[in-house]
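K.L.:
any chance you can model this:
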Amino acid sequence: MNAFLFVLVALTWGSSFLFMKIGLEGLSPQQVALGRVLLGALTLLVIMLVTRRRWPRSLKLWGHLLVLAVFLNAVPSSLVAWAEQSVPSGLASIYNATTPIMVLLALPLLLPAERLRGRQLVGVLVGILGVLVLVGPWGLIGDPAVLATVPGQLALLGMTACYGFGLAYMRRFVAGSGYDAITLTTVQLTLGAALLLVVAPVTATGAMHLDWRIVAAMLALGCLGTGLAYMWNTGLVQAWGAARASTVTYLTPVVGVVLGVLVLGERVRWNEPVGGVVILVGIALASGLLGRRRRAAVVEETAARPVTVPHEARDGVRGA
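P.N.:
Numbering: from 1, shown residues only. Purely as a prediction, here's the structure:
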């Protein structure tokens, strides 16, 4: 059953970039961002009510969750939807794999004791090299099609930077709150949806052109990818521990690239999968999955208090 959930989470999160691309055929980027967060919040609200979970009463905790709603939901959802106007869905899924690198860079800002050391620093540097290969700067000269994707690629890096800061903030201020992942994520998504609704009259403008494909894609993106997948991943973390569950990060880019090619007919440049592999090697080095200290790293991560976060944005457990 756990193996089935693992595959289900990888397929759901990996296909999120495809669903966004389809949603953009009839919706503006901000309409896609609002739709996914709102649908995800409504899905978890139903689960919250059915399971009779209690809402947090601490205004301080609600304030921390508001910060997370900004950095893990409202802003990154807007950035990735905007980026996918010019960036292929498969390439966007590969960029999402840089999230753990961003987490390692952000942690020292809020947790000074977690500054980068030795193998972690090497892993981050390898990850940065992977990003450079992914961008393919040699192709920017003389190829207008590649050059046109640069703003979108920068937006995707902004997305994962938000995730990195948000995850570090979560570990510093929310991890010990005493509430389970579904409760915290429900509040977080609800606040994120409220923020996007407030600015919607200005940002989410334009006519909507809906058909069954777009509606189905948005329901899958919101209810499954931004809602139910949280619950499924919680079960994996509880059953396997955070270290083993985090390996889903290695599968989601594969799913994203394959779906982009098969469903949308996207063209993959040679440097994109190569850059993705280099990034994953950097993540493995930084997290201790490669090298002599693998066992110590796994024990340390498993002992940490697990907190489930959005798929597009988690420390080794993806985001879309």
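K.L.:
when you work out contacts or count neighbours from here on, use the C-alpha atoms and nothing else.
P.N.:
Noted.
K.L.:
after whichever strand or helix holds Thr185 comes which helix or strand?
P.N.:
Applying DSSP states H and E as the criterion places Thr185 in helix 181-203. Sequence order places helix 212-219 as the next helix or strand after helix 181-203, per DSSP H and E.
K.L.:
would you mark the buried spots in that following helix?
P.N.:
Using 16 or more other CA atoms under 10 Å as the test for burial, helix 212-219 gives 214-215, 217-219.
K.L.:
ditto for stretch 149-166
P.N.:
149-150, 152-153, 155-166.
K.L.:
and which of the residues you listed is nearest Gly265?
P.N.:
Taking CA to CA as the measure, Gly265 lies nearest Thr149 of the buried residues of stretch 149-166, at 17.2 Å.
K.L.:
in terms of contact, does the closest one touch Ser89 like I think?
P.N.:
No. With contact defined as CA atoms under 8 Å, Thr149 and Ser89 do not form a contacting pair (11.9 Å).
K.L.:
could you look up the SS state of Gly26?
P.N.:
coil (DSSP: H, G, I helix; E, B strand; the rest coil).
K.L.:
so what's it closest to, chain neighbours aside?
P.N.:
Excluding its sequence neighbours, the residue lying closest to Gly26 (CA to CA, 6 or more residues apart in numbering) is His209, at 4.5 Å.
K.L.:
which residues does the one you found contact?
P.N.:
By CA atoms under 8 Å, 6 or more residues apart in numbering, the contact set of His209 is 25-27.
K.L.:
kindly reformat those as JSON lines containing neighbour count.
P.N.:
JSON lines is the format used below for those (neighbours: other CA atoms under 10 Å):
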{"residue": "Glu25", "neighbour count": "16"}
{"residue": "Gly26", "neighbour count": "19"}
{"residue": "Leu27", "neighbour count": "22"}
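K.L.:
now the residue nearest to Leu219 when sequence neighbours are not counted: which helix or strand?
P.N.:
Spatial nearest neighbour of Leu219, excluding adjacent residues (CA to CA, 6+ apart): Leu39 at 7.1 Å. Applying DSSP H and E as the criterion places Leu39 in helix 29-50.
K.L.:
shaky segments in the protein?
P.N.:
Low-confidence segments of the chain, defined by pLDDT under 70: 140, 142, 234-235, 237-238, 241-247, 289-320.
K.L.:
give me the subset of the buried residues of stretch 149-166 lying in helices.
P.N.:
Counting by DSSP state H, those place 150, 152-153, 155-166 in helices.
K.L.:
which of the residues you listed lies closest to Gly227?
P.N.:
Closest to Gly227, out of all of those and judged by CA to CA, is Tyr163, at 17.1 Å.
K.L.:
any idea how far the closest one is from Leu224?
P.N.:
Note on Tyr163: its distance to Leu224, by CA to CA, to the nearest Å, is 20 Å.
K.L.:
same check on Leu104?
P.N.:
In this view, Leu104 and Leu224 are 28 Å apart by CA to CA.
K.L.:
quick revisit: gap between the helix holding Leu39 and the chain center?
P.N.:
What separates the centre of helix 29-50 from the centre of its chain is 16 Å, taken as CA atoms, centre = their mean, to the nearest Å.
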